[in-house]
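J.: sharing a model prediction with you, sequence too.
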Amino acid sequence: MRKLKILSCCLITCLLAVCCLSACKKDGQNSVTYSDDPMFKAENWVYMTNGSIKDSGGIPYSLDDGTIKFHNANQAYDLGKDYSDGSLSFMLKGSDNWQMWFLADTVDNTKVNCYKLIYKDDVLYMTASDTSQMLSGAEKQTTDYKTNEWNKFEIKFSVTQENVSNISVTVNGSKVKFKDLQKGGNVSESGDFTHKRGENFKTGNYMTVKVWYGDCYLQLRSIDDDGKAEVEKIACIGDSVTYGANADDSYTDSYPAQLQKLFGGKFNVMNFGKSGATARDGADDPYRKTAEYRGMTSFKADKAIIMLGSNDSKTYQVPTKESMVQAFTALVEDLYAINSKTEIYIATSPYAYSSAYEINNGNIENIIIPAQKQVAEDNGLKLIDMHEFTKNMNGNYADGVHPTTKGYTYFAYRMYCALTETPADEDYVASFKDKN
């Protein structure tokens, strides 16, 4: 297996400004200059609002390959001017179910005027905020858009004398020809989206990115950045403890989110945790049947951490070692089918200090963990013994099953040390343990 080359195991603060500096790098005989366009710098994006309340969700993150990543995000960027008569171009990689809003006059979701580019269920839509209906669409097979691959988007905006906005979209050099989905003539003869602006429809300087649900993500980069190798991708697979349940903010304080901060822009860490998920297909909420699983498979990770099994420990689930071995083996085989070179880490289920949600620590110790260790050994996978690492730290659990935000900091640190193959700082580890 490949080894991560990390210079230090010190707990570091993510300095976004450092991650976003413009750079020039030699690649063989080609010299590629990477854009310092502020649009692709995470610190220049802000949360949208709902009235006077800031939206929840994840923050964007700048990666060392010149891309900006959005996951569970609802973020806005001030372009500095209204592009009603202008054009924008960028590279985009996205899963299913994402939105970008253009010419928005405010960051307030409750009263925004804007044009919406939406990709959902293999259809690329263009619509306006003054209607709840999709006004135009182009099916995937009629466009050159490719899911989970880099696509070049060029969007041209113009306003006619009749106060009609015209929006032309080109993907990978091919013009998107929209079709009318509602009566009202929202598509021109050339296939552009058109919109008759109402008296109160005002445009502005903002563009936004909106990606929700655990399987959805979107990345942007400048069209000038083509040619730089992408950073390695780390998929965090699991249940509510991976998702970040009971943290102060599940989006920013989960262990995958804090692991991303520890690595900085060197890796792309994604949280594919699903609350309540079970490893076994025949149990309550099989992970392999969730949206998070679908997102994980499309992500095609270079490294994957599997920490599942706590929900299988519930007494009424009747877990057996054999059924757990079968479940973990199937998931490992799924990952290898997607990318045969994926480095897979099996993390044992954390210690459970209570029977909240009917979690059974006895079953974890006597059934789940032996199965996890067997699968790791049988497949030559690395083991992260989170069960052992989380003993004697009930004080950093919120309900005996889920960590607090500080507890998730500890989880991230342990994962970081395991992936970097660096011994943990025992003094730092001791700061999380119960003092008795």
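T.: Done, it's in.

J.: and residue 138, its phi and psi?
T.: phi -140, psi 120 (degrees, to the nearest 10).

J.: looks like it contacts residue 180 (just checking).
T.: No - counting by Cβ atoms under 8 Å, residue 138 does not reach residue 180; the two are 11.2 Å apart. Just so you know, the C-beta spots here come from the backbone N, C-alpha and C atoms, and that holds for glycine as well.

J.: quick one: mean pLDDT for the helix with the most length in the chain?
T.: Looking across the chain with DSSP state H, the single longest helix is helix 321-338. Mean pLDDT, computed over helix 321-338, is 97.

J.: what's it packed up against?
T.: Counting contacts by 3 or more Cβ pairs under 8 Å, 6 or more residues apart in numbering; DSSP states H and E, helix 321-338 packs against strand 303-307, strand 343-347, helix 369-379.

J.: now do that helix and strand 303-307, the angle between them.
T.: Helix 321-338 runs at 160 degrees relative to strand 303-307, counting by axes from the mean of the first three to the mean of the last three Cα atoms, to 10 degrees.

J.: and helix 321-338, which residues are buried?
T.: Using 16 or more other Cβ atoms under 10 Å as the test for burial, helix 321-338 gives 323-328, 331-332, 335, 338.

J.: want to throw those residues into TSV with distance to residue 65?
T.: Compiled in TSV, the buried residues of helix 321-338 are given as follows (distance: Cβ to Cβ, whole Å):
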residue	distance to residue 65
323	41
324	37
325	38
326	38
327	34
328	32
331	28
332	28
335	23
338	21
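
J.: helices along the stretch 1-150 of the chain, start to end?
T.: Taking DSSP state H, counting those that start in this stretch as the test, the helices found in the stretch 1-150 of the chain are 16-19.

J.: just for it, where's the confidence low?
T.: Filtered on pLDDT under 70, the stretch 1-150 of the chain yields the residue ranges 1-35.

J.: quick one: the strands in it, in order.
T.: Assigned by DSSP state E, counting those that start in this stretch, the stretch 1-150 of the chain shows strands spanning 24-27, 30-33, 46-47, 49-50, 53-54, 61-62, 68-71, 73-78, 86-94, 98-104, 115-120, 123-128, 136-139.

J.: residue 394: which of those is closest?
T.: Distance to residue 394, taken as Cβ to Cβ, is lowest for strand 68-71 among the strands of the stretch 1-150 of the chain, at 30.8 Å.

J.: returning to what we had before: comparing residue 138 and residue 180, which residue is more hemmed in?
T.: Taking neighbours as other Cβ atoms under 10 Å, residue 138 and residue 180 compare with residue 138 leading, 22 against 14.

J.: for that one, list each beta-bridge partner.
T.: residue 124 (DSSP bridges).

J.: what's near enough to touch it?
T.: Shown in contact with residue 138 (Cβ atoms under 8 Å, 6 or more residues apart in numbering): 123-125, 176-179, 191.

J.: residue 252 is in contact with residue 56, correct?
T.: No - using Cβ under 8 Å, residue 56 is not in contact with residue 252; the gap is 9.3 Å.

J.: quick one: which of the two has more around it?
T.: Legend: neighbour count by other Cβ under 10 Å for residue 56 and residue 252, higher for residue 252 (18 against 13).

J.: and the helix or strand hosting that one, how far out from the chain middle?
T.: When elements are assigned from DSSP states H and E, residue 252 belongs to helix 250-253. The gap between where helix 250-253 is centred and where its chain is centred comes out at 12 Å by Cα atoms, centre = their mean, to the nearest Å.

J.: next: stretch 42-61.
T.: Offset of stretch 42-61 from its chain centre (Cα atoms, centre = their mean): 15 Å.

J.: for stretch 261-275, same thing?
T.: Worked out by Cα atoms, centre = their mean, stretch 261-275 lies 8 Å from the chain centre.

J.: quickly list what the residue nearest the centre of the chain is bridged to.
T.: Geometric centre of the chain, nearest residue: residue 71, 3.4 Å, by Cα atoms, centre = their mean. For residue 71, the beta-bridge partners under DSSP bridges are residue 217.

J.: who's in contact with it?
T.: Listed by Cβ under 8 Å, 6+ apart, the contact set of residue 71 reads 58, 211, 216-218, 270-271.

J.: I'd like these as CSV, with neighbour count and distance to residue 50 appended.
T.: Formatted as CSV, the contacts of residue 71 follow (neighbours: other Cβ atoms under 10 Å; distance: Cβ to Cβ, whole Å):
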residue, neighbour count, distance to residue 50
58, 24, 16
211, 24, 17
216, 25, 20
217, 26, 22
218, 22, 21
270, 24, 26
271, 27, 23
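
J.: and these, which is closest to residue 154?
T.: Once Cβ to Cβ is applied, the member of the contacts of residue 71 that ends up nearest residue 154 is residue 218, at 17.2 Å.

J.: so what's the closest one up against?
T.: 69-71, 73, 92-95, 98, 100, 209, 211.

J.: ok, now residue 49?
T.: 55, 107-109.

J.: hmm, try it at 6 Å
T.: By Cβ atoms under 6 Å, 6 or more residues apart in numbering, residue 49 lies in contact with 107-108.

J.: on that earlier part again, Throw the strands of the stretch 1-150 of the chain into a markdown table and include distance to residue 187, thanks.
T.: Shown next, in a markdown table, are these (distance: least, Cβ to Cβ, whole Å):
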| stretch | distance to residue 187 |
| --- | --- |
| strand 24-27 | 42 |
| strand 30-33 | 38 |
| strand 46-47 | 33 |
| strand 49-50 | 32 |
| strand 53-54 | 36 |
| strand 61-62 | 36 |
| strand 68-71 | 29 |
| strand 73-78 | 27 |
| strand 86-94 | 19 |
| strand 98-104 | 17 |
| strand 115-120 | 14 |
| strand 123-128 | 9 |
| strand 136-139 | 5 |
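
J.: residue 315: which of those strands is closest?
T.: Counting by Cβ to Cβ, residue 315 lies closest to strand 68-71 out of the strands of the stretch 1-150 of the chain; the figure is 34.7 Å.
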